[in-house]
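Asker: Structure for this input, please:
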Amino acid sequence: MALDDASAREALRRLFDAAVASADPRVVLARHLPQKPAGRVLVLGAGKSAAVMAAAVEDAWPEVPLSGLVVTRYGHGHPTRRIEVVEASHPVPDEAGAIAAQRMLDLAAAAAAGDLVLFLVSGGGSSLTTLPAPGLALADLIAVNKALLASGATIHEMNCIRRHLSAFSGGRLAAAAHPARVVTLAISDVPGDDPTVIASGPTVPDPSTFEQARALVAHYRMALPGAVTAHLARAAEESPKPGDPRLADTDYRFIATPLMALEAAAGAARGLGFTPLILGDALEGEAREVGTVLAGIALSARAHGLPLPAPCVLLSGGETTVTIRAGNPGRGGRNGECLLGCTLGLAGAPGVWALMGDTDGIDGSEENAGAIATPDTLARARAAGLDPRGLLAGHDSHRLFAALGDLVTTGPTLTNVNDFRAILIG
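Answerer: The predicted model follows:
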């Protein structure tokens, strides 16, 4: 299939849009609701999709008495009628999120036997419900969060540490709601769809320990506030563990996952005449290095027809990491960094295009969801006086793709099933 640049760009964007649409709570949430209860329903929630998920519950249950509170990221609000929506900071926590978390704990504690607590969780919930454990201050956890984001730790490792510094996560919200029934509706944004990692698992038992959290801090050589180090050393109050009777009447349901999104994109690819291959929904590692590996697979497909012949599209999801090194204050999220690493690995190979972006519409802390790379990206960048390899070393991928007009900008999508990567081989 002979592809021109415009057709390839349009195809990639259609695949990305199909992935995002498959995770829209307004479309998928209602089918996962439990049977309509006879008693009181308390709706709580946290994450980038919390507000639109709350609105979807209201639309699905117009006659059911609902009340509650959800917290979402600034700019991610959505109109609701019966469920209160508050906004807070992400990825760096703030006082608004801490207040919302405490209010949700208090509401859950007032639930009685026969009540239903419906918890709506999506990506970003950890930062949005950062409520310090006794003896810690919000400033302590903000410092921890910054250290985690710069450490290179995986999301699983980050949330192990967070759960042991929190008064909200690690099963504590469900424990507060006992003896009410707790049903969680989740949009997964983590590799492997582990409920203990999504928003640090407020409604599920936590199998990890203080000892494991301390080991991770030591492994990544994190410099943490003294109060945090002392809290981890004391290990005074473990999180609720599997078998805890307070969490016996809980149910956890996924309404959208990275694999579901990739499968939707694969269906769209077939409709466009491309053979899709899903490489995996849980790819992790240093972003630039993952990009290099993906470039190698694409070059093999182009040159040898392996792992499949052109025209094809290689799809993958998961969450890479970016380890920030001192003296490199560049702009760009993990998807831009992964894409630039891939672009350098492709080295201008003809007939290969790629799009990498975050399905929540925000790559890191930038205004774009991601970017598109074309066979002539490197040539255009160098003609513009840019040094692609130097920009990658400085974590400055945003500068390159912005200068070329190749950013993918969607605004907040109000969902989040993690990173989306598509490499099109014509």
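Asker: all strands of the stretch 151-300 of the chain, in order?
Answerer: Counting by DSSP state E, counting those that start in this stretch, the stretch 151-300 of the chain has these strands, from start to end: 181-187, 250-256, 275-283.
Asker: Only C-alpha atoms, please: export the second one in CSV.
Answerer: In this case it means strand 250-256. Extracted in CSV, the C-alpha atoms of strand 250-256 (Å, rounded to 0.1, in the frame of the first residue of the first chain):
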residue,chain,number,x,y,z
THR,A,250,-16.6,-5.4,47.9
ASP,A,251,-16.8,-5.8,44.2
TYR,A,252,-14.3,-4.5,41.6
ARG,A,253,-15.3,-4.0,37.9
PHE,A,254,-13.3,-2.7,35.0
ILE,A,255,-15.2,-0.6,32.5
ALA,A,256,-12.2,0.3,30.3
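Asker: Adjacent strands (with direction) for it?
Answerer: Looking at strand 250-256 with DSSP bridges, its partner strands are strand 181-187 (parallel).
Asker: same question, the longest one
Answerer: Strand 275-283 has its sheet partners listed here by DSSP bridges as strand 312-318 (parallel).
Asker: remind me which residues of this structure are low pLDDT?
Answerer: 1, 326-329 (pLDDT under 70).
Asker: what does the domain assignment say about it?
Answerer: 5-21+259-425, 33-256 (automatic domain parsing).
Asker: between those domains, which gets nearest to Val27?
Answerer: domain 5-21+259-425 (7.3 Å; Cβ to Cβ). Every C-beta, even on glycine, is put in place using the N, C-alpha and C of the backbone.
Asker: how long is that closest one end to end?
Answerer: 12 Å (Cα to Cα, to the nearest Å).
Asker: any idea how far it is from the chain center?
Answerer: 16 Å (Cα atoms, centre = their mean, to the nearest Å).
Asker: Show me what counts as buried in stretch 185-203.
Answerer: 185-191, 193, 195-203 (16 or more other Cβ atoms under 10 Å).
Asker: what's the first-to-last distance across that stretch?
Answerer: Taking Cα to Cα as the criterion, the two ends of stretch 185-203 lie 11 Å apart.
Asker: Off-centre distance for it?
Answerer: 9 Å.
Asker: can you start the count at 48 instead of 1 from here on
Answerer: That works, and once the first residue is 48, the last one we named lands at stretch 232-250.
Asker: quick one, which of the strands of the stretch 198-347 of the chain is nearest to Leu433?
Answerer: Across the strands of the stretch 198-347 of the chain, closest to Leu433 is strand 322-330 (Cβ to Cβ), at 27.3 Å.
Asker: Can you show me the helices along the stretch 348-473 of the chain?
Answerer: For the stretch 348-473 of the chain, the helices defined by DSSP state H, counting those that start in this stretch occupy 381-393, 424-430, 435-440, 444-450.
Asker: The ones you listed: which one's closest to Val67?
Answerer: helix 381-393 (13.5 Å).
Asker: what's the distance between Ala262 and Met269?
Answerer: The gap separating Ala262 from Met269 is 11 Å, by Cβ to Cβ, to the nearest Å.
Asker: Looking at those two, which has the bigger crowd around it?
Answerer: Each of Ala262 and Met269 has its neighbours counted (other Cβ atoms under 10 Å); Met269 has more, 18 against 13.
Asker: which SS class is the nearest residue to that one once chain neighbours are set aside?
Answerer: Closest residue to Met269 apart from its sequence neighbours, by Cβ to Cβ, 6 or more residues apart in numbering: Ala194 at 4.6 Å. Here Ala194 is recorded as helix under DSSP: H, G, I helix; E, B strand; the rest coil.
Asker: contacting residues around Ala194?
Answerer: Contacts for Ala194 (Cβ atoms under 8 Å, 6 or more residues apart in numbering) come out as Met269, Ala270, Leu271.
Asker: sorry, back to before: I'd like the domains of the chain as CSV, with distance to Val74 appended.
Answerer: Putting those into CSV (distance: least, Cβ to Cβ, whole Å) gives the following:
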stretch, distance to Val74
domain 52-68+306-472, 7
domain 80-303, 8
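Asker: gap between the closest residue to Leu279 other than its chain neighbours and Asp187?
Answerer: Nearest residue to Leu279, sequence neighbours excluded (Cβ to Cβ, 6+ apart): Arg261, at 5.0 Å. Arg261 sits 16 Å away from Asp187, going by Cβ to Cβ.
Asker: more neighbours, these two?
Answerer: Asp187 (20 against 16).
Asker: That one contacts Ala277, correct?
Answerer: No. Look at Asp187 against Ala277 with Cβ atoms under 8 Å: they stay out of range, at 10.3 Å.
Asker: if we can go back for a sec, pretty sure the residue nearest to Leu279 contacts Arg281?
Answerer: No. With contact defined as Cβ under 8 Å, Arg261 does not count as touching Arg281 (10.8 Å).
Asker: so which helix or strand takes in Ile146?
Answerer: helix 142-156 (DSSP states H and E).
Asker: Would you point to the one among the strands of the stretch 198-347 of the chain that's packed deepest?
Answerer: Most buried of these, by mean neighbour count (mean count of other Cβ atoms under 10 Å): strand 228-234, with a mean of 26.
Asker: got a list of contacts for that strand?
Answerer: Counting by Cβ under 8 Å, 6+ apart, 70, 72, 76, 79-81, 94, 96, 100, 162-170, 221, 242, 245, 250-251, 294, 296-304, 462-464 sit against strand 228-234.
Asker: Right, I'll leave it there.
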